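S.K.: Turn this into a structure:
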Amino acid sequence: MRFHSLPGSKRYAGDETEYAIVLRRYNTVLHELFAGGDVYVITTVWSPEPAVPDHRTGADHWHTVLVRDDPDPEFRAHAHFFTARLPWRYGCVDDLLREVAGDRVGNVLVADTRLERVHHPYDGGADVLLRTAEERDRLRDRFAAWLSRHPLGL
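M.R.: Here you go, the predicted structure:
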């Protein structure tokens, strides 16, 4: 299911008032999904090298995947996945979410520790994966005003 971050499906916040709306929407859905539990915050660093780069947040390296194997080293791409486990509380990842909303960081996931619920924020909104259709429908109905009006839900 896809939620939009701003009214009218606006993609980027233009001022602090709009950033406040973006963070409120992200956090409201995240809190609905994860209140009272721990979450994994998964981030990705891309590099042409298989060596694990430093990660600015101090998260632990989880896994590296060669995404594009090319004989020319300039065109190789390694995705280095980092994880941090933390108790969920409203606003605890605001700095990261603000970076995502401004398209300065991408490929972020927030998930419960069983990986049954996943929140994927991006510039413009968030995709949410849930365990059941019933759970999806409850979340959809609760935050219907934040859904796309596009017939395909995009």
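
S.K.: what does the helix ranked longest in the chain rub up against?
M.R.: Using DSSP state H to define each element, the chain has its longest helix at helix 16-34. Contacts with helix 16-34, where a contact means Cβ atoms under 8 Å, 6 or more residues apart in numbering, come from 3-7, 10, 13, 88, 90-91, 93-94, 97-98, 101, 110, 112, 117, 119, 121, 126, 128, 139, 142-143, 146. For glycine as for every other residue, the C-beta is placed from the backbone atoms N, C-alpha and C.

S.K.: one more time with 7 Å
M.R.: Contact partners of helix 16-34, identified using Cβ atoms under 7 Å, 6 or more residues apart in numbering, comprise 3, 5-6, 13, 88, 90-91, 94, 97-98, 101, 110, 112, 117, 119, 121, 126, 128, 139, 143, 146.

S.K.: Please convert the buried members of the residues you listed into PyMOL selection syntax.
M.R.: Here is the PyMOL command that selects the buried residues among the contacts of helix 16-34 (16 or more other Cβ atoms under 10 Å):
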select buried, resi 3+5+6+13+88+97+98+101+110+112+117+119+121+126+128+139+143+146
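
S.K.: Mind checking which of the contacts of helix 16-34 land in helices?
M.R.: Asp94, Leu97, Arg98, Ala101, Leu139.

S.K.: Tell me which strands the lowest-mean-pLDDT helix or strand in the chain pairs with, and in which orientation.
M.R.: Least confident helix or strand of the chain, by mean pLDDT, DSSP states H and E, is strand 60-68 with a mean of 90. When pairing is defined by DSSP bridges, strand 60-68 lines up against strand 77-87 (antiparallel).

S.K.: now the partner strand: mean pLDDT?
M.R.: Here strand 77-87 scores 94 as its mean pLDDT.

S.K.: Same check on stretch 42-56?
M.R.: Computed over stretch 42-56, the average pLDDT equals 87.

S.K.: what distance separates it from the centre of its chain?
M.R.: Offset of stretch 42-56 from its chain centre (Cα atoms, centre = their mean, to the nearest Å): 17 Å.

S.K.: Next, the buried residues of that stretch.
M.R.: Ile42, Thr43, Thr44, Val45, His55.

S.K.: wait, what's in contact with the second one?
M.R.: Spelled out, it's Thr43. Thr57, Ala59, Phe82, Val108.
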